[in-house]
Structure formats: structure tokens, C-alpha cells
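*Asks:* sharing a sequence plus its predicted fold:
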Amino acid sequence: MKYITGTRDFQIYEPSVVTIGKFDGRHRGHQKLLMRMAEVKAEMGYKTAVFTFDMSPNTLVSGGPQKVITTNLERKNNLEKVGIDYLVEYPFTGETARMAPEEFVRFVLVEQMNARVIVVGTDCSFGYRGAGNADSLLRWKDRYGYELIVIPKEKDDERDISSTYIREQLDKGNIEKANELLGQPYAIHGIVVHGNHIGGSVLGFPTANILPAPEKHLPAFGVYVSKVYVDGTYYGGVTNIGRKPTVEGNSPVGAETFIYGLNQDIYGKTIEVQLLHFIRPERKFEGLEELKAQIGKDKEYGMQYLETLSDSQINGA
């Protein structure tokens, strides 16, 4: 995948099928767009290209970072996994925010991205104050020579599937519902860092620690059954999301994972932790011995849960 970021000066020379959006979470609604793009690529031979911004437009308005289900790096990794040819991560500045909708379509989508087909959802918006929409794209398609495909919203019963809906479920610890809406497990990507080193030496359960990016929207603090992608292989795991309140000191919010069957040193490696099932809330124990006993129970519960899953559920992306 060609990753274009940090610049407004770029050019895609090959004809493309383009979609636009935040793609926060790459949920089931997003997946409908991406699958339709893949169909167009197969039919017409066009390259697939995703346009998004390097930050949420709300960040510029609010003056602070907005919480996201997938960070920019995670979004890049996700789109690369599904075979997108180009990801354009456009700088969102005051000048960008003031761009008229038709100028955006003409200059960015048609001229720079060489869009021959544009695929959007019914609720798409773009340009100054989000004034551009699917009707605008329909009105301009003959003028600028592209085909337009509008995809209906994906629903969960009567409710639209959206990043907001998924964040609500994460806040409640309803990880299985969040995963159902995502169409894939909620995941945290990160580099394994050194922790307090009590997992292996004191508690007898060596763990891998990653520190999520500040903008990452985390689920309710607690312990989850997980699977972990390391060096091209999936392993089962048990992950604590939170601050580890039993351990002395002001620990940063992190994801600490015991990984079944992994005996190698993975410090400094990037791993992906996918959460599958909520076990219990995070809490402070009376001491390390009580914590050790509870971790043993969590580990046993996790193993039993993972044994109920098929090979494809463990080894699939």
C-alpha cells in the first residue's frame, strides 16, 4: 500500500476508485464500502484509494485530541491488511477546513487522486462546514467525469452502526457487542515496553506491556480474554486494561497481557492485542499474594474460554 501523509502535494497517476471518511474502527459499515471498491477494482482494474484526514476535524474545533477507536497507525495497518492500494492521510488545517466542497471534489478527488469512481455512504459529508454530501457528488458527477456509488448505512436492528455506537459499548465493557458491530475484534497495537518486572519474577506470570496512544479510546478497565498477534502468529492471552492499582506507584494506563505458549523475548516488537471477552473489572487487591491468586484464576478462565473457540477464530485476523 502506498501511504501518503503529511503533505497536500501528491499525485496518483493511475485511475482509481476512491472513498472518503474517518474509517475509525473499520466497522461493518466501512467494510461495505471497501468491499464495493474491491468489486470495482476487479471489474475495471482501477486502484483502490482511501481519503482521510491526519486528525479528526473536531480536534481543530475543540483544541484537544479526540478519542478514536483506531489510531492513525492502526487505521493504516487495517487498510493495508484488506489490500487498499493508496491511503491518503491529508493534513487537516484551517485552510483545509475552509475548502469549498466543489473545490475538494475537483482538485483533491478528481485531479490529485484521479478518481474515476467514488464510493460513499448516504451520510457522507465534506468541504467547508460539511456542506458537501452524496447529493452534491451526484450533481457534479457529469461535470467532473466520475461514476458515483452510494452505499446504504449498515444497521444493527434499527440503529445505524457507527463509531459512536461502538464507543458506547466499549465504555460498558460490552466487548463482544463492540466486536459484533466492528465485524472484527477490537484491537490495540503497540510496542512491547518494560514494565515493573514483577509479572514474571514476583507473580510468576510474565507479561507483555504496551502503552496505547493518548488518543486511543479504551474499553472499560478490567481483564479480558484476548488473542495476540506476534511475528505473524496468533496466541491466546489474558489482558488487563488499566492502571494496575495493586502495584505501588502511579502506573500509566496500559494493556498488560499474559500470552499462552510464548516463551521468547518480545521487548521492542510491535504486537496487536485483540480483546474477545470481558472477565472482570479492574480492582485493587489487598496485596500481591491476593493478586497472584486472582491472576491464576483469570489465566485458568481464559484458557477454558479459548478452548471453546475454533481454530479459525483464534488464527483468523
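*Replies:* Happy to help now that I have it.
*Asks:* look up phi and psi at I271.
*Replies:* Main-chain dihedrals, I271, degrees, to the nearest 10: phi -120, psi 160.
*Asks:* ok, the residue nearest to it when sequence neighbours are not counted - contacts?
*Replies:* Using CB to CB, 6 or more residues apart in numbering and skipping residues adjacent in sequence, the residue nearest I271 is V230, 5.1 Å away. C-beta: built from backbone N, CA, C; applies to glycine. Counting by CB atoms under 8 Å, 6 or more residues apart in numbering, V230 touches 259, 262, 266, 269, 271.
*Asks:* distance of V230 from D265?
*Replies:* With distances taken as CB to CB, to the nearest Å, V230 is found 11 Å from D265.
*Asks:* over to S16?
*Replies:* On the measure of CB to CB, S16 and D265 end up 43 Å apart.
*Asks:* next one: V253
*Replies:* Distance from V253 to D265, by CB to CB: 24 Å.
*Asks:* beta partners of the residue nearest to I271?
*Replies:* According to DSSP bridges, the partner residues bridging V230 are T233.
*Asks:* next up, phi/psi of N240, please.
*Replies:* According to degrees, to the nearest 10, N240 has phi -100, psi 130.
*Asks:* can you count the residues close to it?
*Replies:* 23 (other CB atoms under 10 Å).
*Asks:* you'd agree it is up against A220?
*Replies:* No. Assessed by CB atoms under 8 Å, N240 is found out of contact with A220, at 11.9 Å.
*Asks:* now the helix or strand containing T239 - C-alpha only, PDB.
*Replies:* Using DSSP states H and E, T239 sits within strand 233-242. The C-alpha coordinates for strand 233-242 follow below in PDB (Å, rounded to 0.1, in the frame of the first residue of the first chain):
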ATOM      1  CA  THR A 233       1.400 -15.800  14.600                       C
ATOM      2  CA  TYR A 234      -1.700 -15.600  16.900                       C
ATOM      3  CA  TYR A 235      -1.500 -16.700  20.500                       C
ATOM      4  CA  GLY A 236      -4.200 -16.800  23.200                       C
ATOM      5  CA  GLY A 237      -3.900 -14.400  26.100                       C
ATOM      6  CA  VAL A 238      -5.400 -12.600  29.100                       C
ATOM      7  CA  THR A 239      -5.100  -8.800  29.100                       C
ATOM      8  CA  ASN A 240      -5.600  -6.300  31.800                       C
ATOM      9  CA  ILE A 241      -6.600  -2.800  30.600                       C
ATOM     10  CA  GLY A 242      -6.000  -0.100  33.300                       C
END
